[in-house]
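S.K.: Turn this into a model:
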Amino acid sequence: MAKSPEQLSVLLGLFERLGFTEPCQIEEFYASNFYELLRNPDSGLWHLSSAALADLYRQEVERGFFDDPEEQS
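M.R.: Numbers count the residues shown, from 1 in each chain. Reported below is the predicted structural model:
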């Protein structure tokens, strides 16, 4: 779960961008490998915007992996 008001705001924005309206969608997100990585403070993903995180999550769902945003610069 989000640990700060900022993280909660990003998480809610992420859900909105993904179009989540059903509890099962949120449960699937929390059970995902992506969320496991996101909740790891060493991953550094919380600094990304909700739009960027939504894109990464979509990649994970569609391809089973996502491109490291730090390597795209």
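
S.K.: all contacts plus neighbour counts: C-alpha atoms, from now on.
M.R.: OK.

S.K.: give me the number of residues near residue 15?
M.R.: Counted by other Cα atoms under 10 Å, the residues lying close to residue 15 total 19.

S.K.: who touches it in this structure?
M.R.: Shown in contact with residue 15 (Cα atoms under 8 Å, 6 or more residues apart in numbering): 26, 54.

S.K.: any idea of the mean pLDDT for the helix or strand it falls within?
M.R.: Secondary structure from DSSP states H and E places residue 15 in helix 5-18. Helix 5-18 comes out with an average pLDDT of 94.

S.K.: Repeat that for stretch 49-68.
M.R.: Mean predicted confidence for stretch 49-68 is 92.

S.K.: Give the buried residues for it.
M.R.: Within stretch 49-68, the residues that count as buried by 16 or more other Cα atoms under 10 Å are 50-51, 53-58, 60.

S.K.: Need the residues that contact that stretch.
M.R.: Counting by Cα under 8 Å, 6+ apart, 10-11, 13-15, 17-18, 34, 45 sit against stretch 49-68.

S.K.: What is the distance between stretch 43-60 and the centre of its chain?
M.R.: Relative to its chain's centre, stretch 43-60 lies at 5 Å (Cα atoms, centre = their mean, to the nearest Å).

S.K.: meant to ask about stretch 27-41, not that
M.R.: Centre-to-centre, stretch 27-41 and its host chain are 7 Å apart (Cα atoms, centre = their mean).

S.K.: go on, stretch 32-52?
M.R.: For stretch 32-52, the distance to the chain centre is 5 Å (Cα atoms, centre = their mean).

S.K.: oh, and call the first residue 59 from now on, that's how I've got it
M.R.: Taking 59 as the first residue, the last one we looked at is stretch 90-110.

S.K.: measure that stretch end to end?
M.R.: Counting by Cα to Cα, to the nearest Å, you get 17 Å between the two ends of stretch 90-110.

S.K.: Nearest the geometric middle of the protein, what residue?
M.R.: residue 111 (4.5 Å; Cα atoms, centre = their mean).

S.K.: measure it to residue 117 for me?
M.R.: Taken as Cα to Cα, the span from residue 111 to residue 117 is 10 Å.

S.K.: same deal with residue 105?
M.R.: From residue 105 over to residue 117 (counting by Cα to Cα), the distance is 18 Å.
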